[in-house]
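Asker: Kindly return the folded structure for what I paste below:
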Amino acid sequence: MDIARSENNGWNCPSCGRRVPGRIRACRCGFEQPSATWSAGDGPGTSRPWAAGLPLLAIGLVFGAALALYPWKEPPAAATETPVAAVPAARTAVSVPPEDQPDTPQPADEAAPIEPVRAAEPTVTPPETARLEDLVSRVVPAVAFIQAGQNRGTGFFIARDKLLTNAHVVGGQTSVKLQLGETSYAARVINVSTGSDLAVLQVYNASPSQPVLSLGSVSSARVGEEVIAVGSALGVLSNTVTRGIISAVRKAGPITLIQTDAAINPGNSGGPLVNRAGQVIGINSLRAGQQAEGVAFAVAIDHATQLLNGERMADSQTPLGSLTKMLDGRSETDAQRSRGEEEYTRALDRIARTAAELDSFWTRYATGCVTSVAATGDHPWFAAYQPNGVRLGTSVTIDCNEWLDTVEERADDIRDEMERAGEAARQRGVYPGTARDLRRRYRMTWAGWDR
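Answerer: Below you'll find the model as predicted:
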């Protein structure tokens, strides 16, 4: 059947002749177009050459959308990279595995590059230093108290039968006494260098298990480094430990001195100055005088190493002389005189304590035994130094003659100590007036000391 087509995309009903819009298939009269000739949009028989491409266009749009929404993933890490579990905890970085990352990619300007996890690099660990109390417990058993005539000081073992100390501690003695805890030793002086104020001692019958100290070097000393000094403070307080820092490393003439604020008192001379690694870096020798606080010096251990190797420092100037000249321009003689005053003061302090004990013994029995006394000094028992200086009576509670013999024996010991200390002071150049003032301070005045 031929259905007429108009330019307005309608059709004429062949049954009744009405004009029917192209989008309507059936006429009001009941006529209906066949399916083969009708197309909803253009009317029957309309030719659409572009309609054949619509399915292909739809397929292309679906495929493009699938590509845009596909969750692209990064390939897994190469097998040669170090797994996270093999890295120490301190360097392990927590990363999200690829399958757990969000599907939405990050903007290019915010995404951080992913670096492979590398094994930890080796680090250089400094040698551990011992706790202070552990260090002291190792050092003290190697430190000994030294008595050389009237001089007292400290020394320390560097070998089973060998010690180091100061030359001014041994003085002119060829043998000395050592006290190490409850054990006493005898030792001989085998090498002395007054130029570096050092001496080497050889111990008789040394213990095979004697602890020793290792020697370091002043080259390892750093200003601010913590150190300890061990010695016999005041000549009676053995194994005294003080702590401080290295304040400076100085040259005093040819001698290298380590300045420290660790307390170094009379009697500490010859003791070790030890760093926290347990090495001896200096030998405690002197302090800068009564007016200075926290200023003490140790001779660098390198000079002891030289002495042990057979090298001796010239004896023209001692460390004390070089230091005092550097500080205030005093001569070596002035320095020795100052040292002599300090030694005489220490001796008087020790003797005065013994004299106080004899005072008590005298006072306890003199009332019952003594009828007259020719006292000419600070202590009544000084009369025992004079012939017939003490006249005795009788007592019913004590043998007065035996009591006086004991007084005279103790008084003689004190007189011997005073004479030795006085002679040492004279050899050091201590002025007689200074010596008298010191005796007056310690209540040891007697005319016989100046004879």
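Asker: what residue lies at the spatial centre of the chain?
Answerer: Centroid check for the chain by C-alpha atoms, centre = their mean gives E226 as the closest residue, at 4.2 Å.
Asker: quick one: contacts for it?
Answerer: R243, G244, I245, N275, R276 (C-beta atoms under 8 Å, 6 or more residues apart in numbering). Backbone N, C-alpha and C define where each C-beta goes, glycine included.
Asker: Any idea what it is bridged to?
Answerer: I245 (DSSP bridges).
Asker: Make 345 the starting number, not 1.
Answerer: Got it, the first residue is 345 from now on, which makes the last one we talked about E570.
Asker: per-residue confidence at it?
Answerer: Here, the pLDDT recorded for E570 equals 92.
Asker: nearest to R780, of the contacts of E570?
Answerer: The shortest approach to R780 among the contacts of E570 belongs to G588, at 36.5 Å (C-beta to C-beta).
Asker: Quick check: the gap between the nearest residue to the closest one once chain neighbours are set aside and L630.
Answerer: Residue nearest to G588 in three dimensions, not counting chain neighbours: A606, with 3.1 Å by C-beta to C-beta, 6 or more residues apart in numbering. Distance from A606 to L630, counting by C-beta to C-beta, to the nearest Å: 13 Å.
Asker: Now do V514 against I599, distance only.
Answerer: In this structure, V514 and I599 are 18 Å apart, going by C-beta to C-beta.
Asker: Kindly report the same for T720.
Answerer: T720 sits 48 Å away from I599, going by C-beta to C-beta.
Asker: For the lengthiest helix in the chain, enumerate the helices and strands it packs against.
Answerer: When the chain is parsed with DSSP state H, its longest helix is helix 676-713. With contacts taken as 3 or more C-beta pairs under 8 Å, 6 or more residues apart in numbering; DSSP states H and E, helix 676-713 sits against helix 663-672, helix 744-771, helix 776-785.
Asker: Could you say which of the ones you listed is packed most deeply?
Answerer: Highest mean neighbour count of these: helix 663-672, a mean of 20 (counted as mean count of other C-beta atoms under 10 Å).
Asker: before we move on, back to that, shared neighbours of A606 and L630, anything?
Answerer: Counting by C-beta under 8 Å, 6+ apart, the residues touching both A606 and L630 are A640.
Asker: ok so, going back, what's the separation between the residue nearest to the centre of the chain and T586?
Answerer: Relative to T586, and taking C-beta to C-beta, E570 is found at 12 Å.
Asker: before we move on, back to that, going by distance to V364, which of the contacts of E570 wins?
Answerer: Within the contacts of E570, proximity to V364 (C-beta to C-beta) peaks at R620, which comes in at 113.1 Å.
Asker: What separation do you get for that closest one and R475?
Answerer: Per C-beta to C-beta, R620 is found 9 Å from R475.
Asker: a helix runs through V556, doesn't it?
Answerer: No - counting by DSSP: H, G, I helix; E, B strand; the rest coil, V556 is not found in a helix; it is coil.
Asker: can you tell me how far L617 sits from E763?
Answerer: Distance, L617 to E763, using C-beta to C-beta: 35 Å.
Asker: Please enumerate the strands of the stretch 395-544 of the chain.
Answerer: Secondary structure of the stretch 395-544 of the chain, counting by DSSP state E, counting those that start in this stretch: strands at 487-492, 495-503, 506-509, 519-524, 527-537, 542-547.
Asker: low pLDDT regions in this structure?
Answerer: Within the chain, the segments meeting pLDDT under 70 span 345-353, 379-399, 410-474, 577-580, 631-637, 656-679, 795.
Asker: what's the neighbour count on G539?
Answerer: 22 (other C-beta atoms under 10 Å).
Asker: Then Y548?
Answerer: 11.
Asker: Neighbour count for R620 and R475, which is higher?
Answerer: The neighbour count for R620 versus R475, taken as other C-beta under 10 Å, is higher for R620 (16 against 10).
Asker: isn't that one right up against E569?
Answerer: Yes - with contact defined as C-beta atoms under 8 Å, R620 reaches E569; the gap is 7.5 Å.
Asker: follow-up on the earlier one: of T720 and I599, which one has the most company?
Answerer: Per other C-beta under 10 Å, whichever of T720 and I599 has more neighbours is I599, with 23 against 15.
Asker: these two touch, right, that one and A642?
Answerer: No - in this structure, I599 is not within contact of A642 by C-beta under 8 Å, at 10.8 Å.
Asker: on that earlier part again, gap between the longest helix of the chain and the chain center?
Answerer: Offset of helix 676-713 from its chain centre (C-alpha atoms, centre = their mean, to the nearest Å): 40 Å.
Asker: How about stretch 520-540?
Answerer: Remark: stretch 520-540 is offset 30 Å from the chain centroid, using C-alpha atoms, centre = their mean.
Asker: How about residues contacting it?
Answerer: Here stretch 520-540 makes contact (C-beta under 8 Å, 6+ apart) with 485, 488-492, 499, 507, 511-512, 514, 517-519, 542-551, 582, 598-599, 643, 647-648, 650-651, 656-663.
Asker: filter those to the buried ones?
Answerer: Buried members of those, scored by 16 or more other C-beta atoms under 10 Å, are 485, 488-492, 499, 507, 511-512, 514, 517, 542-547, 550, 582, 599, 643, 647-648, 650-651, 657, 661-663.
Asker: How is this protein partitioned into domains?
Answerer: The chain breaks down by automatic domain parsing into domains covering 345-381, 476-673, 678-794.
Asker: got CSV for those domains, with distance to L405 too?
Answerer: Formatted as CSV, the domains of the chain follow (distance: least, C-beta to C-beta, whole Å):
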stretch, distance to L405
domain 345-381, 27
domain 476-673, 78
domain 678-794, 107
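Asker: Kindly check the end-to-end length of stretch 608-624 for me.
Answerer: By C-alpha to C-alpha, to the nearest Å, the extent of stretch 608-624 from end to end equals 15 Å.
Asker: OK, contacts around the residue nearest to G588?
Answerer: Contacts here follow C-beta under 8 Å, 6+ apart; on that basis A606 touches V571, I572, A573, T586, R587, G588, I589, L617, A640.
Asker: same deal with V714?
Answerer: Contact analysis of V714 by C-beta under 8 Å, 6+ apart lists V734, R735, L736, G737.
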